[in-house]
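Engineer: Structure here, sequence nowhere to be found:
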């Protein structure tokens, strides 16, 4: 039979053992299932939302690009991201920008963000390479999109991530078509 003295020592020991067991279980879960992982990002230029090109008799050029950024979240918690920016450059000069609205990619899901960027034609036509590009029928552009966010698991474990996507874009003026080669990276 247990004496009162033995029972009083056993209570705190059991409590400490349970706390230790819970702590070890949380560590194992963090290192396996709940470990924050970097989101995967793919950037593409979906195409042209609008293009108006008329070389003669009165020159006219109006271009709106659709840039898509796909974020895949492999975590068991949502990836919340702040508003970001998409920048479009023509021969190293900024010719368009548009905001990427803040949002969240759910746990273990994928979200595609579409951004519409209207280009500043006056800046494009002021470039000394513009006449040569019009003659070739190809307008070379670059886009850069950046979004910052974080994953919070169990309200304790956090992973901050910055998502960067850059694309080399080719706009075929006469056929009214855009194609792109994109690279994406995530930094923590």
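Structural biologist: Structure received. In this text the structure is predicted, and so the values were computed from the model without any measurement.
Engineer: which stretches of this structure have low pLDDT?
Structural biologist: The model of the chain has pLDDT under 70 over residues 1-9, 34, 154-157.
Engineer: And the strands in it?
Structural biologist: Assigned by DSSP state E, the chain shows strands spanning 40-54, 60-73, 79-81, 84-90, 93-100, 103-105, 109-118, 138-153, 157-172, 177-187.
Engineer: Which one, of these, ends up nearest to residue 16?
Structural biologist: strand 157-172 (24.2 Å; C-beta to C-beta). Bear in mind the C-beta positions are built from the backbone N, C-alpha and C, glycine included.
Engineer: in the closest one, what counts as buried?
Structural biologist: 159, 161, 163-167, 169, 171-172 (16 or more other C-beta atoms under 10 Å).
Engineer: Equivalent analysis for stretch 35-46, please.
Structural biologist: Under 16+ other C-beta under 10 Å, the buried positions of stretch 35-46 are 36, 38-39, 41, 43-45.
Engineer: Need the residues you listed in TSV (columns: distance to residue 59).
Structural biologist: What follows is the buried residues of stretch 35-46, written out as TSV (distance: C-beta to C-beta, whole Å):
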residue	distance to residue 59
36	53
38	46
39	43
41	38
43	31
44	30
45	25
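Engineer: ok so, going back, which among the buried residues of strand 157-172 gets closest to residue 146?
Structural biologist: residue 164 (5.3 Å).
Engineer: who's in contact with the closest one?
Structural biologist: 41, 144-146, 184-187 (C-beta atoms under 8 Å, 6 or more residues apart in numbering).
Engineer: Of those residues, grab the buried ones for ChimeraX.
Structural biologist: This is the ChimeraX syntax for the buried subset of those, where burial follows 16+ other C-beta under 10 Å:
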select :41,144,145,184,186
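Engineer: how about the contacts of residue 164 in JSON lines, adding distance to residue 55?
Structural biologist: Listed next are the contacts of residue 164 as JSON lines, based on distance: C-beta to C-beta, whole Å:
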{"residue": "41", "distance to residue 55": "38"}
{"residue": "144", "distance to residue 55": "29"}
{"residue": "145", "distance to residue 55": "31"}
{"residue": "146", "distance to residue 55": "35"}
{"residue": "184", "distance to residue 55": "35"}
{"residue": "185", "distance to residue 55": "39"}
{"residue": "186", "distance to residue 55": "42"}
{"residue": "187", "distance to residue 55": "43"}
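Engineer: Nearest to residue 22 among the contacts of residue 164?
Structural biologist: residue 186 (32.5 Å).
Engineer: Bridged to the closest one, which residues?
Structural biologist: residue 163 (DSSP bridges).
Engineer: List the residues that contact it.
Structural biologist: 38-41, 161-164.
Engineer: re earlier: how about the buried residues of stretch 35-46, which pair is most distant?
Structural biologist: It's 36 and 45 that sit farthest apart of the buried residues of stretch 35-46, by C-beta to C-beta, at 30.0 Å.
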